[in-house]
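Trainee: return a 3D structure for these sequence lines:
(2 chains)
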Amino acid sequence: MIPLNHSLAIAALLFVLGLAVVLLRRELLFILMGLEVMFNGVALTAIAAGQHWGNADGQVLTIMLMAVTAAEIVVALILIWLAFDRYKAVRVEALTRLRDDNKEGVP
Amino acid sequence: MRLADLISLIPYLLLATGGLTLLMMGIGPKRVSTRRLTNVALVFLLLGAATTLLWEAPREVGGLLVADSISRLFTPFFMLSATAIVMLSTSYEPLRGEVREEYLSLILFATLGMILLVSSHNLVNAFIGLEILAIPLYALIAWRPERDGAIEGGVKYAILAGFSVAFFLYGVALIYAATGTLDLAALGAEPTSKHLLPVAVTLILVGIGFKLALVPFHMWAPDIYQAAPSPITALFASIAKAAALVFLIRLLCLQLPHIWEVLLPLLWGLALISMVAGNLLALHQQNLKRLLAYSSIAHLGYILVALAAGNSLGQDAAFYYAVAYTAMNLGVFAVVAALALPDHDRENLKDYQGLGRRYPIVGFTMGICLLALAGLPPTAGFMAKLLAFGAAIEAGHIMLAVIAGINTAFAFFYYLRIIMVFYSDKTTDINATPPAQGTHAVLIIVSLFVIGLGIFPEWLLESIKMP
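Mentor: Residues are numbered from 1 along each chain as shown, chains lettered A, B, ... in the order given. Now for the predicted structure:
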């Protein structure tokens, strides 16, 4: 049997890898993929812990996670497609319409 | 499953069936009128709020949900606030003709997520509540995508909410790895010497911190507040944040001694930096919705001051502040929604000049809610701050209480600036249709609630006493 610490270390590595993708890549689709990698790190942790404790909670958590994140990614993908459709935006820098308005000082 | 369990589940079932019913009404051959759709949504929300009166508190259902005094207070409160948001949406000009089946059912589903989150007794359940709350909001922010910045707001929120949920879930999975349980009560009884637990709770705090827009996780808040239609901003700023906050308070009230040692400096830091940064960023802001977003960041800082105290007074103060915060923010964003122009919101403060004189009820509500946000008696905002800072002093956090006090004084400047704009002699020449009847009703009820809660704080403090 694989010791819990080993699987937790791999899962943590996966999570950090996803985090790095989200923080470093500027393309919207890559960011979504990075999120998925982070979720996979979480799922691996839950499965490994479930095996260690010998109960089903970890697997329940993983199945819920898969269903819910699929729903989340669907809506996020539609929004990213809309952004491409209207602004031809594939990178985060293209989305800068919302910003602070400090120009005038105190009225 | 016994009858009493079923009774505890009725509000959840009602909201879920309500959302589905609304969607079903859209597939018939005949177009159902908007008024009828709204009425159906309102009936389900009010019925759901009424059925919480049948609850026998405290009761635990299947180890997942708990119907205690807190969920008993917040469940009907969230449903009634959602009713207010439906009313605001129907008379909100930029969404005219768009508040139909999908929009209303998404609001019902989001409310379902909130009440699941506040009454969850299990971390998986909390995660599901958090997501049922968040996913409808992605769509609602970008409603009518041709509005300026709508898509950008939706994309930003979708990515950041996914990011925060990943942290939250990793924390949940690590708690499970450390203890072998996902139940909150079992977690509270756990010996807390395990070294993974502080890491796990910190990750959950980061996840919730994103939802609450605490500094340094606040970047999304002003953008989303500006991009969303005002009724949805009202939902975001009030009940959606309060739901995440109530869950956080529940989690921190487990009082795990070893974790608390790690968490205390963290909460201290978050509270301090949220208050100061929120107020500083709000100071010169010209866009009203963004200004209010920064002010709400500062308010969450004050709530963390109460939570960092870690005593029972701090806990009561945090719950009281959550209710007061919800009501005050609902009020100010209801005003922004009421004064919207036919195709977009008024953005710059100049566009609001003199409107308090032209529409007395709107001006009155704005005045009351802003004075409450600033913390003047006899409003709820004053009592909330008094309790929160009192709790901090009782716990010996004198420094934190002093800094919070200075920040409150500082915040007066920009709140009073808004009131001065609303009651200035010059009137803006941008005209729009006057606010509708339903909006006026919401405004009056919210401002009376804010004053009433400030004069009689006992009834709320009595009702949240932990058994």
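
Trainee: near chain A, which residues of the stretch 351-467 of chain B?
Mentor: Contact residues, the stretch 351-467 of chain B versus chain A (C-beta under 8 Å from any C-beta of the partner chain): B:417, B:421. Every residue, glycine included, has its C-beta placed from N, CA and C.

Trainee: quick check on A:E27: phi, psi?
Mentor: Per-residue torsions, A:E27: phi -80, psi 140 (degrees, to the nearest 10).

Trainee: how close does it get to A:G18?
Mentor: When distance is defined by C-beta to C-beta, to the nearest Å, A:E27 is 15 Å away from A:G18.

Trainee: any idea which element the residue lying closest to B:M79 once chain neighbours are set aside lies in?
Mentor: Excluding the flanking residues, the one nearest B:M79 by C-beta to C-beta, 6 or more residues apart in numbering or on different chains is B:A49, at 4.0 Å. Assigned by DSSP states H and E, B:A49 belongs to helix B:34-51.

Trainee: alpha carbons only: can I get that helix in PDB?
Mentor: Output in PDB follows, covering the C-alpha atoms of helix B:34-51 (Å, rounded to 0.1, in the frame of the first residue of the first chain):
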ATOM      1  CA  THR B  34     -43.500  38.600 -16.700                       C
ATOM      2  CA  ARG B  35     -45.800  39.700 -13.800                       C
ATOM      3  CA  ARG B  36     -47.000  36.100 -13.300                       C
ATOM      4  CA  LEU B  37     -43.500  34.700 -13.400                       C
ATOM      5  CA  THR B  38     -42.400  37.300 -10.700                       C
ATOM      6  CA  ASN B  39     -45.400  36.400  -8.600                       C
ATOM      7  CA  VAL B  40     -44.600  32.700  -8.700                       C
ATOM      8  CA  ALA B  41     -41.000  33.400  -7.600                       C
ATOM      9  CA  LEU B  42     -42.200  35.700  -4.800                       C
ATOM     10  CA  VAL B  43     -44.700  33.100  -3.600                       C
ATOM     11  CA  PHE B  44     -42.000  30.400  -3.400                       C
ATOM     12  CA  LEU B  45     -39.600  32.700  -1.600                       C
ATOM     13  CA  LEU B  46     -42.200  33.900   1.000                       C
ATOM     14  CA  LEU B  47     -43.600  30.400   1.500                       C
ATOM     15  CA  GLY B  48     -40.100  29.200   2.100                       C
ATOM     16  CA  ALA B  49     -39.500  31.900   4.600                       C
ATOM     17  CA  ALA B  50     -42.800  31.200   6.400                       C
ATOM     18  CA  THR B  51     -42.100  27.400   6.700                       C
END
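
Trainee: got any ranges where chain A has weak pLDDT?
Mentor: A:103-107 (pLDDT under 70).

Trainee: nearest the middle, which residue of it would you pick?
Mentor: A:L35 (1.8 Å; C-alpha atoms, centre = their mean).

Trainee: doesn't A:R25 make contact with that residue?
Mentor: No: with contacts counted by C-beta atoms under 8 Å, A:L35 stays clear of A:R25, the gap being 11.0 Å.

Trainee: phi and psi next, for B:N348.
Mentor: Per-residue torsions, B:N348: phi -70, psi 150 (degrees, to the nearest 10).

Trainee: count of neighbours near the residue nearest to it when sequence neighbours are not counted?
Mentor: Distances taken as C-beta to C-beta, 6+ apart place B:Q286 nearest to B:N348, at 5.4 Å, with adjacent residues excluded. Close neighbours of B:Q286, defined as other C-beta atoms under 10 Å in any protein chain shown, add up to 18.

Trainee: do you know the pLDDT at B:Q286?
Mentor: B:Q286 is assigned a pLDDT of 90 by the prediction.

Trainee: could you list the low-pLDDT ranges of the stretch 1-150 of chain B?
Mentor: Scanning the stretch 1-150 of chain B for pLDDT under 70 picks out B:1.

Trainee: quick one: distance of the longest helix seen in chain B to the chain centre.
Mentor: Counting by DSSP state H, the longest helix found in chain B is helix B:150-179. With C-alpha atoms, centre = their mean, to the nearest Å as the basis, helix B:150-179 stands 18 Å off its chain's centre.

Trainee: again, but for stretch B:79-89
Mentor: 13 Å.

Trainee: repeat for stretch B:169-183
Mentor: Going by C-alpha atoms, centre = their mean, where stretch B:169-183 is centred and where its chain is centred differ by 26 Å.

Trainee: quick one: mean pLDDT for it?
Mentor: The average pLDDT for stretch B:169-183 rounds to 91.

Trainee: is it in proximity to chain A?
Mentor: Yes: counting by C-beta under 8 Å from any C-beta, chain A has neighbours in stretch B:169-183: B:169-170, B:172-174, B:176-177, B:180-182.

Trainee: ok, now which ones touch the residue nearest to A:A20 when sequence neighbours are not counted?
Mentor: Nearest-residue entry for A:A20: A:G34, 7.6 Å, with adjacent residues in sequence omitted and distances by C-beta to C-beta, 6+ apart. By C-beta atoms under 8 Å, 6 or more residues apart in numbering or on different chains, the contact set of A:G34 is A:18-22, A:25.

Trainee: same check on B:Y103?
Mentor: By C-beta under 8 Å, 6+ apart, the contact set of B:Y103 is B:89, B:95, B:140, B:143.
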